[in-house]
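In: The amino acid sequence is not available; the structure is as follows:
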């Protein structure tokens, strides 16, 4: 009995599976462009779990699902993942340097608010505290350390340089 071909076949199978796994994870991140705006980023890897992030204008109490009071530690993890994903986002099909996140009307920078915690849940929260991810020119540029408090009824449609991020588990 010749063991050599069986071992070689097994090594080839393992190598092929690894290549597919690497290719699959490299392809997981994608930019969602709709009507000339960055509507979101899908497939952000955070500690081995994939999340989708969409950008929206409105008030906290109107854009987030009922009973959401914030994302807790996931808010900062998503902000950091957006920052780290910059080169992949710029390499994504459909990306152009003139794209802005949906709701961003400023040519210089926009603040993306990711709620960490609130004093109540949507649609009845009064005050919420958010992690900020800054989008400057054509990339996510930084994530400031302190949380930003704001009135949960404030509508970002009237603030040309602010919008919200909505996080969902990737499908």
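Out: Nice, thanks for sending it over. Since the model is a prediction, treat every value here as computed from it, not as a measurement.

In: quick one: contacts of the helix or strand that residue 78 is a member of?
Out: Using DSSP states H and E, residue 78 sits in helix 73-84. The contact list for helix 73-84, computed with Cβ atoms under 8 Å, 6 or more residues apart in numbering, reads 41, 44-47, 51, 53, 71, 112, 114-116, 130-133, 140-143, 165, 167. Backbone N, C-alpha and C define where each C-beta goes, glycine included.

In: And the helices in this protein, which stretches?
Out: 4-28, 60-63, 73-84, 86-91 (DSSP state H).

In: May I have the beta-bridge partners of residue 118?
Out: Applying DSSP bridges to residue 118 gives these bridge partners: residue 128.

In: what number of residues lie near it?
Out: Counted by other Cβ atoms under 10 Å, the residues lying close to residue 118 total 23.

In: Just confirm it contacts residue 130, I think it does.
Out: No: contact criterion Cβ atoms under 8 Å: residue 118 and residue 130 do not qualify, at 9.2 Å.

In: list residues touching both of the two?
Out: Common neighbours of residue 118 and residue 130 (Cβ under 8 Å, 6+ apart) are residue 70.

In: residue ranges with poor pLDDT in the protein?
Out: 1-28 (pLDDT under 70).

In: Pick out the residue nearest the middle of it.
Out: The chain has residue 53 as the residue nearest its centroid, 3.8 Å off, counting by Cα atoms, centre = their mean.

In: hang on, isn't that one packed against residue 167?
Out: Yes: using Cβ under 8 Å, residue 53 is in contact with residue 167, at 5.6 Å.

In: Name the residues that touch stretch 137-145?
Out: 76, 79-80, 82-83, 85-86, 89-90, 97-99, 108-109, 131-136.

In: Would you indicate which residues of that stretch are buried?
Out: Using 16 or more other Cβ atoms under 10 Å as the test for burial, stretch 137-145 gives 139-140, 143.

In: would you list those in a markdown table and tack on distance to residue 122?
Out: Formatted as a markdown table, the buried residues of stretch 137-145 follow (distance: Cβ to Cβ, whole Å):
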| residue | distance to residue 122 |
| --- | --- |
| 139 | 30 |
| 140 | 25 |
| 143 | 23 |
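
In: Looking at those, which one is closest to residue 161?
Out: residue 140 (14.5 Å; Cβ to Cβ).

In: Quick check: beta-bridge partners of that closest one?
Out: Beta-bridge partners of residue 140, as defined by DSSP bridges: residue 135.

In: now the one 10 residues further on
Out: Residue 150 forms beta bridges with residue 128, as assigned by DSSP bridges.
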